[in-house]
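*Asks:* fold the following for me, if possible:
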Amino acid sequence: MTYCVGMLVEEGLAMIADTRTNAGVDNISSYKKLHVVNQPGERVLGVCTAGNLSVTQTALAMVRDGVNLHVGEPLETLETAPSLFRCAQLLGHALRETRMSIAPAMEADSLNTSASMLLGGQIAGGEMGLYLIYSQGNFIECGLDTPFLQIGELKYGKPILQSGLSSDTPLATAVKLGLISFSTTMRCNVGVGSPFDMLTLRRGYLSGDERRIDKDDAYFTDLHEQWTRAQTAARRSMPEPPWMTGQV
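*Replies:* This next block holds a predicted model:
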């Protein structure tokens with residue numbers, strides 16, 4: 001399992017993905033889930049992947065080689081597509097084609113072939129955006145009312161983002177909330193773990209900042225511990241049920 005989140009606020013975009021692909025008592029492996037196209041001044045794109053690893057790997061390889069959406073049209077890649085919307089179409093097409101080609105064999109062995117992607121970024125001349133792309137090839141775009149999208153093991157981190165993130169949240173605060181959502185998720189699910197890969201992009205500046213947050217990262221460790229203490233203090237400060245304490 002994995003967990004990925006994209007947050008689109010007025011100040012810019014942040015995308016975070018963990019790297020865990022399998023977990024067990026004696027079987028833990030990692031694989032990069034955040035793939036970045038960074039051409040300063042021209043385009044910065046981030047693609048997060050979740051679900052069946054062979055499906056997402058094959059789909060990304062297909063897009064790197066070039067996708068032909070319609071017969072007779074030239075091959076397109078994330079480096080050549082004219083818009084972010086077109087990039088979403090390319091990834092959706094690749095996901096759908098990959099699943100259609102390998103699903104029968106994998107499903108015969110009861111293997112789940114579902115997969116999803118987050119695409120975020122900006123191309124010169126276009127607006128910054130964030131998309132969630134489904135296995136079937138269709139996709140949705142992030143909106144102002146809910147300025148984040150998640151894939152993978154999303155249920156534990158969603159309350160943090162839903163209660164604290166809005167479109168006018170500063171980008172640095174959005175990153176903090178995103179990392180708290182990862183802290184909460186990895187506490188609840190061994191299938192999600194560090195290191196985390198992160199891409200941040202300020203609106204109007206076509207140059208992204210890539211960062212890896214390892215398990216011993218000082219900021220994340222402190223954030224994790226402070227969040228734990230804050231939750232404990234909040235629980236202790238709240239009143240007990242009066243019908244159980246004789247205060248009714």
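*Asks:* what is the closest residue in space to Phe139 that isn't next to it in sequence paired to in the beta sheet?
*Replies:* Excluding its sequence neighbours, the residue lying closest to Phe139 (Cβ to Cβ, 6 or more residues apart in numbering) is Ile133, at 4.3 Å. All C-beta atoms are positioned from the backbone trio N, CA, C, and that covers glycine. Note on Ile133: beta-bridge partners by DSSP bridges are Met117, Phe139.
*Asks:* likewise for Leu13?
*Replies:* Leu8, Leu201.
*Asks:* for Val44, same thing?
*Replies:* Beta-bridge partners of Val44, as defined by DSSP bridges: Asn38, Gln122.
*Asks:* wait, doesn't it sit right on Thr200?
*Replies:* No: using Cβ atoms under 8 Å, Val44 makes no contact with Thr200, being 9.9 Å away.
*Asks:* quick revisit: spit out the contact partners of the residue nearest to Phe139.
*Replies:* Contact analysis of Ile133 by Cβ atoms under 8 Å, 6 or more residues apart in numbering lists 88, 91-92, 95, 116-119, 139.
*Asks:* chain neighbours aside, what residue packs nearest to Leu206?
*Replies:* Leu206's closest residue in space is Gly41 (Cβ to Cβ, 6+ apart), at 5.2 Å.
*Asks:* could you list every helix and strand that the lengthiest helix in the chain packs against?
*Replies:* Ranked by residue count under DSSP state H, the longest helix found in the chain is helix 84-108. Applying 3 or more Cβ pairs under 8 Å, 6 or more residues apart in numbering; DSSP states H and E, one finds that helix 84-108 contacts strand 43-51, helix 53-65, strand 115-123, strand 129-133, strand 139-141.
*Asks:* give me the angle between the fourth one and helix 84-108.
*Replies:* Note on geometry: by axes from the mean of the first three to the mean of the last three Cα atoms, to 10 degrees, strand 129-133 and helix 84-108 are set 20 degrees apart in direction.
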